[in-house]
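# after the sequence you'll find the predicted model.
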Amino acid sequence: MTPSQTALERLREGNRRFAEDLPSESGLSGAARRSQLIAGQQPFAIILGCSDSRVPAELVFDQGLGDLFVIRVAGNIVAPSQIGSIEYAAEVTGARLVVVMGHSGCGAIEATINELQRPQANRSRNLSSIVDRIRPSVETLLETGLAQDRSALIRFAVRSNIRASVDHLRHGSEILERLIDKDGLTVVGAEYSLETGMVEFFDGLPKMLD
């Protein structure tokens with residue numbers, strides 16, 4: 001079992017390699033690695049990320065097969081199925097770090113803003129399951145001066161939505177709460193920059209790595 005601080009530093013190092021275009025040559029995705037994983041998996045971290053095609057966690061953190069337990073959903077929102085998946089990964093595989101990773105220019109955030117600014121009758125029913133979970137992170141910002149600056153609104157909303165998902169995981173599951181209190185599970189928030197390729201961890205860092 002990899003301690004959360006060690007796992008976080010491993011992610012940071014991998015992201016540096018990715019951003020500097022110096023990927024690992026350890027062969028962690030080849031035939032030998034596939035054979036090692038047939039009997040089971042022990043990912044060192046759990047990533048709840050956005051479905052955006054530009055933000056694949058394994059590439060962003062320069063990791064191979066079996067290294068990360070990844071859950072992707074538009075807007076990196078937290079719903080019962082995501083909580084259940086994270087509970088499984090934490091209890092069964094032993095991963096002790098959960099990262100909620102949003103990203104700059106998130107389309108789900110923009111879609112939520114668009115939905116909230118158009119007439120109720122024109123809103124998409126199919127987006128409602130996502131929009132309704134992102135809505136609280138956006139509505140309060142729309143009541144501020146940020147409503148007049150769309151780019152700033154999106155930047156702030158991305159961070160607000162990440163923090164909301166992190167808080168939901170920390171306090172929305174008895175299993176995760178127990179693992180946090182008793183077994184060293186850490187839940188942190190992070191934002192990936194489409195522009196630089198870097199991931200900034202900004203919410204819930206262990207003190208030694210803050």
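On my side now, so go ahead.

# if I pick the closest residue to A79 other than its chain neighbours, what's in contact with it?
In this structure, A79 finds its nearest non-sequential neighbour in R133, 6.7 Å apart by CB to CB, 6 or more residues apart in numbering. Any C-beta I mention is one placed from the backbone N, CA and C, and that applies to glycine too. If you count contacts by CB atoms under 8 Å, 6 or more residues apart in numbering, R133 has them with 75, 77-79.

# can you give me the helices in this protein?
4-19, 31-36, 57-60, 80-88, 107-117, 128-142, 150-171, 174-182 (DSSP state H).

# please identify which of those helices is closest to R96.
Evaluated over these, closeness to R96 peaks at helix 4-19, with 4.7 Å, by CB to CB.

# would you mind pulling up the elements that the closest one packs against?
If you count contacts as 3 or more CB pairs under 8 Å, 6 or more residues apart in numbering; DSSP states H and E, helix 4-19 packs onto strand 45-49, helix 57-60, strand 97-103, strand 186-192, strand 199-203.

# could you dump the helices of the chain to a markdown table with mean pLDDT and distance to V99?
Written out in a markdown table, the entries for those read as follows (pLDDT from 0 to 100; distance: least, CB to CB, whole Å):
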| stretch | mean pLDDT | distance to V99 |
| --- | --- | --- |
| helix 4-19 | 97 | 7 |
| helix 31-36 | 86 | 22 |
| helix 57-60 | 97 | 8 |
| helix 80-88 | 97 | 11 |
| helix 107-117 | 88 | 18 |
| helix 128-142 | 90 | 18 |
| helix 150-171 | 96 | 9 |
| helix 174-182 | 97 | 14 |
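
# of all these, which one comes closest to E195?
Per CB to CB, nearest to E195 of the helices of the chain: helix 4-19, 10.6 Å.

# before we move on, the earlier item: which stretch in the helices and strands packed on helix 4-19 has the least confidence?
When those are compared by mean pLDDT, strand 199-203 comes last with a mean of 93.
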